[in-house]
Structure formats: C-alpha cells, structure tokens
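Undergrad: I would like the atomic coordinates for the input below:
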Amino acid sequence: IDELANQRENLKHDRGREDALSQDAAAALERLEAEEKSIAARLEGTDERLAESESKLQEAETVSREAELAMARALAAQASQQADVRVAEANAESARERLDRAEGEAERVATELSELGDIKPLEKALAAAEKARKRTEARVAELQNAIASADEQRQKAADARDAAESDTAAARAALSGLESEARALATDMDDAIEDKALGHVRADKGYERALAAALGDDLEAGLGEASSRRWSGSESHGSDPGLPGGVERLADHVNAPSQLIRRLAQIGVVETDDGSIELAVGQRIVTTDGGLRRWDGYVARDEGAAAADRLVRVNRLEAIQAELPEARTALEEAAARATTAIASLTEARTTLEDGRAALGSAEDDARAAIREEDSARAAIERLGEQQAGLIERRDRTAAELDDAKTNLKNAEKSLSDLPDGGDMDASVERLKSASEAARIILAEARAEAATVGQAIDADKARLEAAKAEADSWKSRAGEAARRVQEMAKREAEAEAEAK
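TA: Residues are numbered from 1 along each chain as shown. Okay, the predicted model is just below:
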C-alpha cells in the first residue's frame, strides 16, 4: 500500500511538470506566431524598397561619374593650356638666348680676325729651327756610338767582377768552412790525454779504427814514470815471430812512441778477416773497419770506438791545418782580382754615365730643336687655319644671327596669341565643387541602400530563427503529451493492481 502511494505521488509530480512544459510551449508558440506576423508585415514591399534605394544609388553614381568626367576633362584642358603657355614661354626664352649667343659670337669673330698676326716672323723662326735640329741630331748619333762602345767595356768589366766575386765568395766559404771545422775539432779534443799514449799516436787515414781496435783501452795508459798504468817500452828480440804472409804491419801505418813499437810489430792489418789466417803467440790481426782477432781466439768488434773517433778527428784537424794556408792565399788572390775588377767596372760605369749624361743633354737639345721646328710649322699652319676658320665662322654667324631674330619674333607672336587662362581656372573650380557635391550624395545613397539591405537581411534571418524555435516548441509539447498519456496508463495499471 505504501509503495502504491509513492507511485501515485511520483506520477502526480511528473504530470505537474509535463503540464507546466505544455503551458510554456503554448505561450512560446503564441509569442513566436505574433513575431512572425510582425516580421512578415515588415517584409511586405521589400522589393519596392530595394528597387527604390537601388534606383537612387544608380542615379547618384551616374551624376558622380559625369561630374568626375567633366572635371577630368576640364583639368586636362587646363593642363594642356598651361603646357602650351610653358612651351611658348620656353620657346621665346630659347630664342632670346640663341639671339644673344649669335650676337656674342659675331663680336668674338670680329675681334679675333682683327688680332691675327703676320706670317713672316713665323717663317724665319721655322728656318732657324730646322738648322738647329740637324746639328743636334748629328751630335746625338756621335754620342750613341760612343755609349755603345762604353757599354761593351762596362759589360766585360761586370762579367770580370762577377767572376772574381764568385771566386771570392767560394774561397771565403771554403776558408770559413775549414776554420769552423778546425775550431769544432779542436774544441772536442781532450787536453787531458796529452800524457797518455792516445795523445802521441797517429794513424794513416783509413787506419784509425784498426789502431783503436788493436790497442783498445791500452791507449789510455801513460808514457811517463808518474803514471800508475803506463807503457815502459820493450826491445825487439830476434825470436819475435814474423807476421803471416800477405798481412801488412799496422806499425807501417802508424806514427807512435818507441814504447809501443814492439807491440805494434806483432799486429797485422787486413781489409777483412775470415779467421783463416794463423797467428803466432802474442800476435793480433785487425781490420780497417775496427775488427780484432787475437792469437788465443779472442774476437771483438768496435773496441776503442772513442779512441778511433779521436784519431779520425786528429787526422782531419791536421789535414785542415795543412789546407788553411792555401785556402787563405786563394781568398787573398780572389779578393785582389775582385778589387781590380770593381775598379775597372767603376771606371767603365763612370765613362758610360758621362756619355749618357752628355747624350741626355744632346737629346734634350734635339727634342727642343724639333719642338721649335714643329712649333714654328704648326704656328704657320695654325695661322692659316685660323684665318680660314674665322672667315667661315663669320659667314656662318651672320646667317645664324638672321635666323635667331626671325625665330624670336615668331616665338613672341605665338605666346601673345594664346588665350587667357583665367576663364579656364574658374571653370575648373566650379566643376571641382560640383564633383565634390556629387560624391557626397553618392556616399549618402550608398549608406541608405546598405541600411535597407541590412534591415531586410536581419528580418529574414530572424523569421527563419522564429520558425525553427516554434518547431522546437511544438516537438517538445508533443513529447510532453505523449509522456502524460504514458503516466495515465501507468496510474490505471497501479489502481488495478491495488484492487
């Protein structure tokens, strides 16, 4: 029973809501219908209003175009008239300037004709200039021959100087190289070895490494009694073995103190050693590149390298010291030749420069004579040309003067024949005012036509919107009626169920 009561209450509430919706729809439809009728009434006569505004607009446009055209024509006519005036004034001014120029030219021609000089002094100057030119040309030819001879002597002297200077530079470079090498070698020498055997032995060139390999560290031993390790010397015995056949004695290639003679006598030297040479007790064999083999089978390579290097430097230093006097003499002789060659070249250049200076002066004189001759000849020609030219200018200027006077008279008449521009200016101002008034009327007509069109478009748009809104309310009212019917049906079913 409670549930049935709730259903009845809900149905009653829903029916009230749907009834209110139906009432709202009816009121809205009534309002929209009235609005549609009002808009329809306003839209009646739309075509007539549009036609009227369009007619006014077309009429205003026609009037404005005609006013603009009339003003443009007037402006064009005014511009043409003004242009004619400017052209006529320019022509008159040009004619006056032309007449002034012609009169001035006539005066100048008359003055110039009266100022032309006599031709006889010019002819006398030409003869003198021709004579001077021939004399200076002969002097120039003479000096050119002398300069050619002097230049040949200068070239020979220059070649001799270049050769002497080249020899001097080469001799100086050779001497400098020898002196630099000698200083470097002397600097590398150790003065502390003077009391050692190494400081007193010399080997032939190419045998330095053989000697160093043969004696090795023994070269560091001293020769005097004060040394704790020294060479005291030993006499040769008849029992000393001789070196194998085909082997050179190292002693034959070494300059050494007597204390080392017996030792050196038992050392042989070969280019290469393959070990096949038999050695007696105490004997050694060395190679020129520093190899060593002893009688007891001991073999070594590059022993005493430092000693070998010193022996090589000593030999080179002695060779340089032997070459230095000859190198100094060669430098002195080359320098003397260079000095002599430079003196000869200086003398040849002086002779050449003197000749060229004299030639320059002679050529200046020749050019001056030629200029004088050309000037005199040109002056004669110029005088004749001036006379002919001035006569021609006088005739031409007279014709130009007559033509300029006629031209000025015609230009002034054309200017005076032109109409007064005041009437044209007043007409242009009137047409400008009329055109401006027509433009104002055209703007008003366009604004009115736009306003009418906008109002009609707004009414049409609102009419369509009202119709759409009315259709919406009709649809919503139909839906409300359908829902009321369904609620009545459910209420009846609920009543039947409660019984």
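Undergrad: elements contacting the helix or strand hosting residue 328?
TA: Assigned by DSSP states H and E, residue 328 belongs to helix 305-417. In terms of contacts (3 or more C-beta pairs under 8 Å, 6 or more residues apart in numbering; DSSP states H and E), helix 305-417 is packed against helix 46-115, helix 120-188, strand 202-203, helix 208-215. In this view, the C-beta of every residue, glycine as well, is placed from N, C-alpha and C.
Undergrad: among these, which is nearest residue 442?
TA: helix 46-115 (4.2 Å; C-beta to C-beta).
Undergrad: what's the angle between that closest one and helix 305-417?
TA: Helix 46-115 and helix 305-417 are oriented at 100 degrees to each other (axes from the mean of the first three to the mean of the last three C-alpha atoms, to 10 degrees).
Undergrad: so how far is helix 46-115 from its chain's centroid?
TA: Counting by C-alpha atoms, centre = their mean, to the nearest Å, helix 46-115 is centred 55 Å from the centre of its parent chain.
Undergrad: next one: stretch 400-414
TA: The answer for stretch 400-414 is 62 Å, by C-alpha atoms, centre = their mean.
Undergrad: and that stretch, what's its mean pLDDT?
TA: For stretch 400-414, the mean per-residue pLDDT is 82.
Undergrad: please identify the buried residues of that stretch?
TA: Neighbour-count burial for stretch 400-414 flags 400-401, 404, 407-408, 411 (criterion: 16 or more other C-beta atoms under 10 Å).
Undergrad: with only the CA atoms kept, save that stretch in PDB.
TA: Output of stretch 400-414 as PDB, limited to C-alpha atoms (Å, rounded to 0.1, in the frame of the first residue of the first chain):
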ATOM      1  CA  GLU A 400      72.700  82.300 -87.600                       C
ATOM      2  CA  LEU A 401      72.000  85.900 -86.400                       C
ATOM      3  CA  ASP A 402      69.400  86.400 -89.000                       C
ATOM      4  CA  ASP A 403      67.700  83.100 -88.300                       C
ATOM      5  CA  ALA A 404      67.700  83.800 -84.500                       C
ATOM      6  CA  LYS A 405      66.000  87.200 -84.900                       C
ATOM      7  CA  THR A 406      63.200  85.600 -87.100                       C
ATOM      8  CA  ASN A 407      62.800  82.700 -84.600                       C
ATOM      9  CA  LEU A 408      62.400  85.100 -81.600                       C
ATOM     10  CA  LYS A 409      59.800  87.200 -83.500                       C
ATOM     11  CA  ASN A 410      57.800  84.000 -84.300                       C
ATOM     12  CA  ALA A 411      58.000  82.800 -80.700                       C
ATOM     13  CA  GLU A 412      56.800  86.000 -79.200                       C
ATOM     14  CA  LYS A 413      53.900  86.100 -81.600                       C
ATOM     15  CA  SER A 414      52.900  82.500 -80.700                       C
END
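Undergrad: look up how far residue 247 lies from residue 287.
TA: 11 Å (C-beta to C-beta, to the nearest Å).
Undergrad: also residue 68?
TA: From residue 68 to residue 247 the distance is 137 Å (C-beta to C-beta).
Undergrad: cool, and residue 343?
TA: 63 Å.
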